[in-house]
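K.L.:
got a predicted structure here, sequence first:
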Amino acid sequence: MHLIDKNVLSLLTACSASRRLLLRQTPHLRNPTLLIGDAAMPLVTPVTPATPSPWHAGEKQLQSQTGVAERMEAVGSKVLRDHLPEQHQRFYTQLPCIVVGAVDAHGQPWASVLDDRAGFIASPQPRLLTVSRVPDLDDPISHGFTPGAALGLLGIELHTRRRNRVNGRISQLDQQGFSVAVEQAFGNCPQYIQQRQLNQALPPSQPARPMSTHLSALDDAAVATIRMADTFFVASYADVLDDPEQRQVDVSHRGGLKGFVRVDGDVLTIPDFAGNRFFNTLGNFVLNPRAGLVFVDFASGDLLHLTGRVEVILDSPEIAAFEGAERVWKLQVDAAVRRPAALRSRWTFEAFSPASLNTGTWR
């Protein structure tokens with residue numbers, strides 16, 4: 001009889017029943033494996049004192065404050081990889097879009113979405129991801145695209161709620177696309193991802209779209225977009241040991257019911273729900289309180305990009321006032337870019353995530 005490592009068992013409990021979990025015996029391995037989504041990992045891989053921590057100081061601080069530090073040290077060495085397993089290589093080839101986080105020359109993080117026909121992303125090698133297009137010139141992430149620049153990537157399949165995160169550096173860049181050398185890859189559970197079906201993917205030679213608008217403050221249209229959103233993506237980064245050569249950029253998904261993001265002037269207040277306890281995003285905020293957000297209008301293809309300064313709040317009456325919130329964080333918007341019809345794809349809403357239905361709104 002095989003026993004499940006207690007640290008891994010705690011991770012399964014933390015991610016709730018909405019995650020598809022399956023234990024199986026793998027014939028060619030001595031140890032049983034754990035499937036999280038489609039990713040198999042050994043259950044009893046030892047962690048020794050000599051094993052480098054998979055977490056940086058900001059992530060470890062929040063893990064310690066929430067009482068999961070020891071558990072995450074064991075879990076992290078099993079879940080975080082320096083390559084894409086074969087099933088994740090295949091996953092990226094079927095995606096019609098990818099979320100990208102980048103940092104501009106002024107140190108501001110930005111998030112965006114690149115889309116095209118399925119097949120425009122490939123992983124010819126486990127440590128390499130290629131994308132056969134580059135950001136449009138008016139996309140704020142384009143200012144962070146230089147050879148060797150750190151990027152965060154999120155592959156997300158909205159109709160199945162599958163997702164996979166990759167962090168790495170641009171190893172090749174030209175007018176046709178770019179390649180990323182994978183430094184870290186890991187799967188995430190489907191919590192808070194609303195189900196949507198791809199309606200159409202327009203060809204690259206679509207008619208000229210309206211000009212983008214740069215904002216120094218949120219206007220009424222931007223506020224309306226944010227208040228109606230049930231989804232956004234957030235980019236963050238940290239220079240480990242204050243060394244830009246060790247920069248780690250991350251981009252992740254956030255979801256809830258419409259109205260889960262509150263807007264007061266140029267300040268957004270955002271609940272942080274129960275998750276995997278990795279604290280990748282909030283851990284980056286501890287070391288570098290900056291964020292780039294993108295709100296997507298899935299019906300029109302409009303994108304609203306924001307960048308600004310972050311405050312993480314661990315103890316406040318606001319947390320208790322929002323059902324499902326364990327923390328909140330605030331974004332002081334410094335700049336915004338509105339890009340009408342920026343996406344070639346359109347999606348139709350189908351259903352809220354079961355996890356989202358267990359959360360509240362600010363109304």
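P.N.:
Everything's here; your move.
K.L.:
remind me, longest helix of this structure?
P.N.:
helix 69-79 (DSSP state H).
K.L.:
correct me, but residue 311 touches residue 330?
P.N.:
Yes. Counting by CB atoms under 8 Å, residue 330 is a contact partner of residue 311 at 4.7 Å. Placement of C-beta: from N, CA and C, glycine included.
K.L.:
hey, where'd the helices end up in the stretch 151-300 of the chain?
P.N.:
For the stretch 151-300 of the chain, the helices defined by DSSP state H, counting those that start in this stretch occupy 220-228, 280-287.
K.L.:
hmm, back to that, higher neighbour count, residue 311 and residue 330?
P.N.:
Ranked by neighbour count (other CB atoms under 10 Å), residue 311 and residue 330 place residue 330 first, with 18 against 13.
K.L.:
other SSEs contacting the longest strand seen in the chain?
P.N.:
Taking DSSP state E as the criterion, the chain has its longest strand at strand 325-339. Counting contacts by 3 or more CB pairs under 8 Å, 6 or more residues apart in numbering; DSSP states H and E, strand 325-339 is packed against strand 213-215, helix 220-228, strand 267-273, helix 280-287, strand 303-313, helix 317-321.
K.L.:
is residue 103 bridged to anything, and to what?
P.N.:
In this structure, residue 103 bridges to residue 109 when assessed by DSSP bridges.
K.L.:
distance of it from residue 170?
P.N.:
In this view, residue 103 and residue 170 are 12 Å apart by CB to CB, to the nearest Å.
K.L.:
which residues are in contact with each of these two?
P.N.:
Taking CB atoms under 8 Å, 6 or more residues apart in numbering as the criterion, residue 103 and residue 170 both touch residue 149.
K.L.:
which of these two has more residues huddled nearby?
P.N.:
Legend: neighbour count by other CB under 10 Å for residue 103 and residue 170, higher for residue 103 (27 against 18).
K.L.:
list the contacts of that one.
P.N.:
Residue 103 neighbours (CB under 8 Å, 6+ apart): 109-110, 144, 149-150, 237, 247, 249.
K.L.:
same thing but 6 Å
P.N.:
Taking CB atoms under 6 Å, 6 or more residues apart in numbering, we find residue 103 in contact with 109, 144, 237.
K.L.:
using the three-state scheme, assign residue 89.
P.N.:
Using DSSP: H, G, I helix; E, B strand; the rest coil, the structure places residue 89 in helix.
K.L.:
now it. Nearest residue, chain neighbours left out?
P.N.:
Once flanking residues are discounted, residue 89 sits nearest to residue 123: 3.8 Å by CB to CB, 6 or more residues apart in numbering.
K.L.:
tally of neighbours for the one you found?
P.N.:
Neighbour tally, residue 123, other CB under 10 Å: 24.
K.L.:
which one of the contacts of residue 103 is nearest residue 159?
P.N.:
Distance to residue 159 across the contacts of residue 103 (CB to CB) is lowest for residue 109, with 28.2 Å.
K.L.:
for the closest one, grab the count of nearby residues.
P.N.:
When neighbours are defined as other CB under 10 Å, residue 109 has 28 of them.
K.L.:
if I look at it, how far off is residue 185?
P.N.:
For residue 109, the distance to residue 185 (CB to CB) stands at 20 Å.
K.L.:
likewise residue 250?
P.N.:
Distance from residue 250 to residue 185, by CB to CB: 12 Å.
K.L.:
give me every residue that touches residue 314.
P.N.:
Here residue 314 is in contact with residue 327 (criterion: CB under 6 Å, 6+ apart).
K.L.:
swap in 8 Å and give it another go.
P.N.:
So residue 314 contacts 65, 327 (CB under 8 Å, 6+ apart).
K.L.:
enumerate every residue touching residue 244.
P.N.:
Under the criterion of CB under 8 Å, 6+ apart, residue 244 has no neighbours.
K.L.:
surely residue 248 and residue 167 touch.
P.N.:
Yes. Counting by CB under 8 Å, residue 248 touches residue 167, with 5.8 Å between them.
K.L.:
shared neighbours of these two, anything?
P.N.:
150, 183-184.
K.L.:
so which of the residues you listed wins on neighbours?
P.N.:
Top of the shared contacts of residue 248 and residue 167 by neighbour number is residue 150, holding 23 neighbours under the definition other CB under 10 Å.
K.L.:
next structured bit after the longest strand of the chain?
P.N.:
strand 345-351 (DSSP states H and E).
K.L.:
and the helix or strand following that following strand, what does it pack onto?
P.N.:
Sequence-wise, the next helix or strand downstream of strand 345-351 (DSSP H and E) is helix 354-357. Contact partners of helix 354-357 among helices and strands, from 3+ CB pairs under 8 Å, 6+ apart: none.
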